[in-house]
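[1] How does the following fold in three dimensions:
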Amino acid sequence: MNTQELILKGLIENDAFSRKTIPYIKVEYFEGPERVVFQMILQYVVAYSKLPSVDVLKIEYESSDVDDTNVVNVISNMSEETEVMEEQWILDKTEKWCKDRAMYLAIMESIQIIDGKHKEKSEGSIPDIMTAALAINFDENVGHDYTADAEDRFEFYHRTEERVPFDLDMMNQITKGGAPRKTLNIIMSGTGGGKSLMMCHMASAALAQGRNVLYITCEMAEERIAERIDANLFDIPLDDLVNVSKEVFTSKINRIKAASTGKLIVKEYPTGIAHVGHFRALLNDLKLKKGFMPDIIYVDYLNICASSRMKGLGGAINSYSLVKAIAEEVRGLAVEFNVPIWSATQTNRDGFDNSDADLTNVAESFGLPATADFMIVIINTEELAANNRIMIKQLKNRYRDVNVDKRFLLGSDRPYMRLYDVDNATDGLMQDTPSPSAATGASKSASKKMDTSDFKM
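    I've put the predicted structure just below:
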């Protein structure tokens, strides 16, 4: 009895096995007469919500237009007595068979596309085809039973969630220690308001922690992003980097290599062209070619990405639907690769010089904050800029009460592309007194501030 016949026999004899596997088995996985038999089983299950017997299959065959003795032989073999097989073993065997068949069919379809023989799909769809094949998985989880799974829920409450912390105390405080994995986090500001500054600072801090960082830019060149990170880690003003000698530059790079076990990859895409399909292909290439798996991803920035689901629609789609689709796809990528993703968005015209911007000032689509897990806005005023400050206001927070530490100040050192903590309790620029938690030192316990002194010379 081959694997296909083994699976077919399990489908008509084992109700539990059938319910777990039928949702994942496709007709095209089978070859030859076994495909005909599986179609008969599937049609019967759909029509009557129960498993057919061998006799039922024989009757169905006799009343069909199929004339193949091989089909009769397959059905007859299913009636033979066999030893009872361990349920988990046959389940694992079936899952592996489905994965192998899905991958084989994906490869064959990709070859057709490359040869130009596929009538519907282009080469750009190959990464999605391969990803779908690799994602085959028999998920046995049918939901959380409120009473039966209470102990698991209790353990979840007390489990320390893995996060990527900041080197900024207030950011750690409002996120309970950093951005969790599988989340989409958004920074909003007007043009030139500090979105790239903040993301470059956070990327530098993550690298200083020894983490692998992927920075995707759809706005500036790769070298410009790396230049900003150089200013931060070299402790040299951005405008002075051009005057750094080759010897000093090399020594600082070597010092960074020695101080951090992490890597930073910066990848540039044309504005409005790249979507999560490109990002997914990049992640797979990095894993395959460099053994690189990011701990955190920055996408600069979300509104100038494309949607993988809404390609080629041009002006037929409104900005609300487009940006919402992009946000959903990027968040899905965070879940798929188990990383936190940071991105940014612009304020609308009303929010550009608004000293108290809110969610109504999100440009293009309110669907973005609806999708994001965490969202802040950077507020700039002439007074703040004159004192090297920016104000951060929380707009959405799934990690903690958004109304606690709703607004706070950070120091801004633009020549060095760096942010730093300030004393919000005593800073005269702070309009709203911070909540009592700001004085308790809670942020100190959330995450010890990173020491980047080893990076400086």
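[2] low-scoring stretches of this structure, by residue?
    82-85, 139-142, 311-316, 351-353, 364, 426-457 (pLDDT under 70).
[3] how about the helices in the stretch 301-450 of the chain?
    Shown for the stretch 301-450 of the chain, the helices assigned by DSSP state H, counting those that start in this stretch span residues 319-337, 367-371, 382-386, 442-446.
[4] hmm, I was thinking of the stretch 101-250 of the chain
    Under DSSP H, counting those that start in this stretch, the stretch 101-250 of the chain gives helices at 126-134, 150-157, 169-175, 195-208, 222-234, 246-259.
[5] Out of these, the one nearest residue 341 is which?
    For those, proximity to residue 341 was assessed by CB to CB; helix 195-208 is nearest, at 10.9 Å. Yep, even glycine has a C-beta here, placed from its N, CA and C like the rest.
[6] Who are the packing partners of the closest one?
    In terms of contacts (3 or more CB pairs under 8 Å, 6 or more residues apart in numbering; DSSP states H and E), helix 195-208 is packed against strand 183-189, strand 213-217, helix 222-234, strand 296-300, strand 340-346, strand 418-421.
[7] Would you reformat the ones you listed as CSV and include distance to residue 145 and mean neighbour count?
    As requested, these are arranged in CSV below (distance: least, CB to CB, whole Å; neighbours: other CB atoms under 10 Å):
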stretch, distance to residue 145, mean neighbour count
strand 183-189, 26, 25
strand 213-217, 38, 26
helix 222-234, 47, 20
strand 296-300, 34, 25
strand 340-346, 29, 25
strand 418-421, 44, 20
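[8] Tabulate those (TSV), appending distance to residue 318.
    What follows is those, written out as TSV (distance: least, CB to CB, whole Å):
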stretch	distance to residue 318
strand 183-189	20
strand 213-217	25
helix 222-234	31
strand 296-300	22
strand 340-346	16
strand 418-421	35
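[9] nearest to residue 126, of these?
    Between the helices and strands packed on helix 195-208, strand 213-217 lies closest to residue 126; by CB to CB that is 20.4 Å.
[10] Against which helices or strands is that closest one packed?
    By 3+ CB pairs under 8 Å, 6+ apart, strand 213-217 packs against helix 195-208, helix 222-234, strand 264-268, helix 276-290, strand 296-300.
[11] And the contacts of it?
    199-200, 203, 206-207, 224-225, 262-269, 274, 279, 282-283, 286, 292, 294-300 (CB atoms under 8 Å, 6 or more residues apart in numbering).
[12] Among those, the buried ones, what's the PyMOL command?
    Applying 16 or more other CB atoms under 10 Å to the contacts of strand 213-217 leaves a buried subset, and the PyMOL line that selects it is:
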select buried, resi 199+200+203+206+207+225+262+263+264+265+266+267+268+269+274+279+282+283+286+294+295+296+297+298+299+300
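[13] In this structure, which residue is most central in space?
    Among the residues of the chain, the one closest to the centroid is residue 334, at 1.1 Å (CA atoms, centre = their mean).
[14] wait, which of the helices and strands packed on strand 213-217 is closest to residue 346?
    Going by CB to CB, the one of the helices and strands packed on strand 213-217 nearest residue 346 is helix 195-208, 8.2 Å.
[15] Dump the helices of the stretch 101-250 of the chain into a markdown table; add distance to residue 392 as well.
    Below are the helices of the stretch 101-250 of the chain laid out as a markdown table (distance: least, CB to CB, whole Å):
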| stretch | distance to residue 392 |
| --- | --- |
| helix 126-134 | 36 |
| helix 150-157 | 28 |
| helix 169-175 | 7 |
| helix 195-208 | 9 |
| helix 222-234 | 18 |
| helix 246-259 | 28 |
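[16] and the helix or strand that residue 36 is a member of, how far from the chain's centre?
    Applying DSSP states H and E as the criterion places residue 36 in helix 33-48. Computed by CA atoms, centre = their mean, to the nearest Å, the separation of helix 33-48 from the middle of its chain amounts to 37 Å.
[17] coming back round to it: relative to residue 219, which of the helices of the stretch 301-450 of the chain is closest?
    The nearest among those, by CB to CB, is helix 319-337 at 14.6 Å.
[18] tell me which residues in that closest one are buried?
    For helix 319-337, burial by neighbour count (16+ other CB under 10 Å) applies to 322-334, 337.
[19] again, but for stretch 37-56
    37-38, 40-42, 44-45, 51-52, 54, 56.
[20] ok, and what's touching that stretch?
    Here stretch 37-56 has contacts from 8, 11-13, 15, 18, 22, 25, 27, 30, 57, 60-61, 64, 71, 74-76, 78-79, using CB under 8 Å, 6+ apart.
[21] how about 7 Å then?
    Applying CB atoms under 7 Å, 6 or more residues apart in numbering, the contact partners of stretch 37-56 are 8, 11-12, 15, 18, 22, 27, 30, 57, 60-61, 71, 74-75, 78-79.
[22] filter those to the buried ones?
    Listed as buried from the contacts of stretch 37-56 are 8, 11-12, 18, 30, 57, 60-61, 71, 74-75, 78; burial here means 16+ other CB under 10 Å.
[23] any chance of the residues you listed in CSV, with secondary structure too?
    Shown next, in CSV, are these (DSSP: H, G, I helix; E, B strand; the rest coil):
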residue, secondary structure
8, helix
11, helix
12, helix
18, helix
30, coil
57, helix
60, helix
61, helix
71, helix
74, helix
75, helix
78, coil
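[24] and of these, the nearest to residue 159?
    Looking across the buried ones among the contacts of stretch 37-56 and measuring by CB to CB, the closest to residue 159 is residue 18, at 34.8 Å.
[25] got the contact list for the closest residue to that closest one other than its chain neighbours?
    Leaving aside its sequence neighbours, residue 18 sits nearest to residue 11 (CB to CB, 6 or more residues apart in numbering; 4.9 Å). Residues near residue 11 by CB under 7 Å, 6+ apart: 18, 41, 51.
[26] same check, this time on residue 199
    187, 298, 300, 342, 344.
[27] partner residues bridging the first one?
    By that I understand residue 187. residue 344, residue 376 (DSSP bridges).
[28] I'd like the numbering to begin with 23 instead of 1 from here.
    Right, with 23 as the first residue, what we last looked at is residue 209.
[29] do you know how far it is from residue 126?
    44 Å (CB to CB, to the nearest Å).
[30] cool, the second one as well?
    In this structure, residue 320 and residue 126 are 37 Å apart, going by CB to CB.
[31] Also the third one?
    Residue 322 sits at a distance of 39 Å from residue 126 (criterion: CB to CB).
[32] Then the last one?
    Counting by CB to CB, the separation of residue 366 from residue 126 is 42 Å.
[33] Look at residue 171 and say how many residues are nearby.
    Residue 171 has 12 neighbouring residues, counting by other CB atoms under 10 Å.
[34] scratch that, residue 39
    21.
[35] Leaving out the residues flanking it, which one is nearest to it?
    Excluding the flanking residues, the one nearest residue 39 by CB to CB, 6+ apart is residue 32, at 4.7 Å.
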